[in-house]
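Chemist: Okay, predicted coordinates and the sequence, questions at the end:
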Amino acid sequence: MRFVLRILKALALLLVLVVIAAAGWLFIRPPELLRVGDGYAAKIVCSNVFIAGREAEDVLHDDVQAPGSPLLRLVRVSVDRDNDRVTARFMGLFAPSYALYRGAFGCTSVSDGNFEAAANAVPFDPPAKVQANDALWPKGEGTGDQQDGKIAVLLADTGVAGPAMRAIVVVRDGRIVAEAYGPGFSAKTPLIGWSMTKTVNATILGRLMLGGKISFDDENLLAQWKNDARARIKVSDLLGMESGLAFNEDYGDVADVTRMLYLNPDMVSLPANAPMEAAPGQRFRYSSGTAVLLSRIWMDRVGNTQGAFSYPHDALFSPLGMTSAVFELDARGTFAGSSYLYATAHDWARFGQFLLQDGVWNGQRLLPEGFVGAMRTPTAASNGRYTQGQAWLAGPGDGSSAEAGLPEDTFWLTGHDGQSMAIVPSANLIVVRLGLTPSWLNYQPQVLLKAILAVLPQPRGPPQQAGSQRQTQPLP
């Protein structure tokens, strides 16, 4: 019996030593997967608390833990409102990661804990936000009495609207004709677009094209590419996701995309130093790194540091009246053009209306002739799914619009966890659908678009603003 007790004591001691060793390992050298998870939690909680005004524990549960890896259920967060910081730790103890709120520039992941560098990476005088008003949308937030009863019935059907829908806005002929919101959300709630941000980022670059500061054919885009094959990468190659740069976009593990977003304070460094795996223009590879490179490139072309930070607001958000838009930066001052734009559903719809109108707003051309045409022109390397302007011709999970039973001129903005915007020029229609709908739920927004198209009357002529139906060709 004493022998058995000695064995049990030895095993208990061994177990204690193993636990201590494991805790020490997690404390000193936590695995990258835990650091990514904590970085993700800190960033998402920070943005939703400080931008959208939501409760931290609700965001942690609903946005981080419920749809993600089981390991995320062991993450704990704390919010320091005095210093505008959020900290996330695995089991409340390990692999700490941080996010810092920077006012008009939203939140940034501070993976290295260097809050001073992150705070100093942006100017202290951000552009003043334009206040919303009660005028009829899109000039203001008013929707009038033009709500379409048939479409409203569709939006109330969860089978059509999809699980965990947070906002749907339907625009026809330049007016909001129906909208719906999930519990806890409203027309005033800024919501993340995830990869819909890529198309907005491309459009900001398009604003520079109008002034002749950049073109589709520009090469020698970054200093570190000066003396190698990457110098031949053109702006058009990056816009079409055909740069030839290697990039792993697999979100199921620690990959290039998660390292870039949650482990690198300077997001540009990873894609800028990626090796070539194909000649430019020869291979399609969807890459969030590509979008961040485009951010850095257009910021460099703006030149003036203060001007680069205010450019999205001055060139796009303010003219369109996107008063809620918050475009976030990395910890070293590059806009996260791949993922991090928050805006209300009304403001996302404004952006869609701008594209529907071929880059014309209030009678003024803000994008070059042909730029929106590039967003509707397929690249050969993507087999016709992706376009020359960071948009999709195929909706999530489907082939071409024609194969999906949709109008052939339909094009899409799509984003992680069920964000989508369908733009149908022939029907003068925009459908914005935002939510928290992971792909494993198998919902596709084509269901919603088809249902809406089925109850619409025939097209009633050109859109409200001139130029929106012009059939453009991509720029050379």
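Modeler: Cool, got the structure.
Chemist: mind checking which helix or strand residue 237 is in?
Modeler: Element membership for residue 237 (DSSP states H and E) is helix 235-239.
Chemist: Alpha carbons of that helix, as CSV, please.
Modeler: Extracted in CSV, the C-alpha atoms of helix 235-239 (Å, rounded to 0.1, in the frame of the first residue of the first chain):
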residue,chain,number,x,y,z
VAL,A,235,-0.6,48.6,-60.5
SER,A,236,-3.0,46.6,-62.8
ASP,A,237,-1.4,43.4,-61.7
LEU,A,238,-2.0,44.2,-58.0
LEU,A,239,-5.6,45.3,-58.7
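Chemist: Now do the helix or strand that comes right after it, average pLDDT.
Modeler: Next along the chain after helix 235-239, taking DSSP H and E as the criterion, comes helix 256-262. Across helix 256-262, pLDDT averages out at 97.
Chemist: List of residues touching the next helix or strand after helix 256-262?
Modeler: Under the assignment DSSP H and E, the closest C-terminal helix or strand after helix 256-262 is helix 269-272. Applying Cβ atoms under 8 Å, 6 or more residues apart in numbering, the contact partners of helix 269-272 are 222, 224-225, 245, 247, 256, 259-260, 264, 287, 289-290, 292-293, 296. From N, CA and C alone the C-beta is placed, and that goes for glycine too.
Chemist: Of these, grab the buried ones for ChimeraX.
Modeler: The ChimeraX selection below is limited to those of these classed as buried (16 or more other Cβ atoms under 10 Å):
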select :222,225,245,247,256,259,260,264,287,289,290,292,293,296
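Chemist: Would you check which pair of the contacts of helix 269-272 lies furthest apart?
Modeler: Largest separation among these by Cβ to Cβ: 225 and 259, giving 20.4 Å.
Chemist: May I see the buried residues of the helix holding residue 237?
Modeler: Buried positions in helix 235-239, judged by neighbour count with 16+ other Cβ under 10 Å: 235, 236, 237, 238, 239.
Chemist: quick one: which of these is nearest residue 181?
Modeler: Closest to residue 181, out of all of these and judged by Cβ to Cβ, is residue 239, at 33.2 Å.
Chemist: From residue 379, how far out is that closest one?
Modeler: According to Cβ to Cβ, to the nearest Å, residue 239 and residue 379 sit 9 Å apart.
Chemist: Identify the contacts common to those two.
Modeler: The contact lists of residue 239 and residue 379 share residue 388, where a contact means Cβ under 8 Å, 6+ apart.
Chemist: pLDDT averaged over stretch 118-133 - what is it?
Modeler: The average pLDDT for stretch 118-133 rounds to 80.
Chemist: what's the first-to-last distance across it?
Modeler: 34 Å (Cα to Cα, to the nearest Å).
Chemist: Next: stretch 118-128.
Modeler: Distance across stretch 118-128, first residue to last, is 21 Å (Cα to Cα).
Chemist: Show me how far that stretch is from its chain's centre.
Modeler: Remark: stretch 118-128 is offset 21 Å from the chain centroid, using Cα atoms, centre = their mean, to the nearest Å.
Chemist: do the same with stretch 307-315
Modeler: With Cα atoms, centre = their mean, you get 18 Å for stretch 307-315.
Chemist: Grab the CA positions of that stretch and hand them over as CSV.
Modeler: Listed in CSV are the C-alpha atoms of stretch 307-315, where the atom choice follows Å, rounded to 0.1, in the frame of the first residue of the first chain:
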residue,chain,number,x,y,z
GLY,A,307,-2.4,64.5,-46.7
ALA,A,308,-2.1,60.8,-47.0
PHE,A,309,-3.8,60.2,-43.7
SER,A,310,-6.7,62.5,-44.6
TYR,A,311,-7.0,61.4,-48.2
PRO,A,312,-9.7,58.7,-47.8
HIS,A,313,-11.8,61.2,-46.0
ASP,A,314,-11.1,64.2,-48.3
ALA,A,315,-11.2,62.3,-51.6
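Chemist: Show me the contact partners of that stretch.
Modeler: Here stretch 307-315 makes contact (Cβ under 8 Å, 6+ apart) with 104-105, 122-123, 126-127, 129, 204, 207-208, 298-300, 302, 325, 327, 329, 333, 335, 366.
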